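Asks: Fold the following and give me the result.
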Amino acid sequence: MCLAVPSKIIEINDHIAMVDVDGVKREASLMLLDDLQLGDYVIVHAGFAISKVDDSVAEQTIQDMRNMLAFADTHQNDDIL
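Replies: Purely as a prediction, here's the structure:
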């Protein structure tokens, strides 16, 4: 199973971007998409940016993921998980 996490483009060198996923940085190829700029959010799969994501949707998704992780951390010994 794959989890699509929005990644923010923080640097572009030719067709390679440095993306940031909530503080974790990695490289991603931009060869499959056109017209990407610094600050854009993309979905990365197997090292390639495969789609651009609307900023507000990306930011809400990241916040939702933070909330789920915080909930899991505070309920790790409960029977609900």
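Asks: Check the offset of the longest strand along the chain from the chain's centre.
Replies: Ranked by residue count, the top strand of the chain under DSSP state E comes out as strand 6-13. Strand 6-13 sits 10 Å away from the centroid of its parent chain (CA atoms, centre = their mean, to the nearest Å).
Asks: again, but for stretch 62-69
Replies: Taking CA atoms, centre = their mean, one finds stretch 62-69 lying 12 Å from the centre of the chain it belongs to.
Asks: What residues sit buried inside that stretch?
Replies: Buried positions in stretch 62-69, judged by neighbour count with 16 or more other CB atoms under 10 Å: Ile62. C-beta: built from backbone N, CA, C; applies to glycine.
Asks: Which residue ranges of this structure form strands?
Replies: 6-13, 16-21, 24-29, 41-45, 48-53.
Asks: could I get those strands as CSV with mean neighbour count?
Replies: Output for the strands of the chain, formatted as CSV (neighbours: other CB atoms under 10 Å):
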stretch, mean neighbour count
strand 6-13, 17
strand 16-21, 18
strand 24-29, 14
strand 41-45, 20
strand 48-53, 17
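Asks: Make TSV out of these and add mean pLDDT and distance to Asp73.
Replies: Supplementary listing: those in TSV, determined by pLDDT from 0 to 100; distance: least, CB to CB, whole Å:
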stretch	mean pLDDT	distance to Asp73
strand 6-13	97	21
strand 16-21	97	18
strand 24-29	96	18
strand 41-45	96	25
strand 48-53	96	26
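Asks: Compare those strands and give me the one nearest Ile62.
Replies: Closest approach to Ile62 among the strands of the chain is made by strand 6-13 (6.1 Å; CB to CB).
Asks: Which residue comes closest to Glu11 once chain neighbours are left out?
Replies: Met18 (3.9 Å; CB to CB, 6 or more residues apart in numbering).
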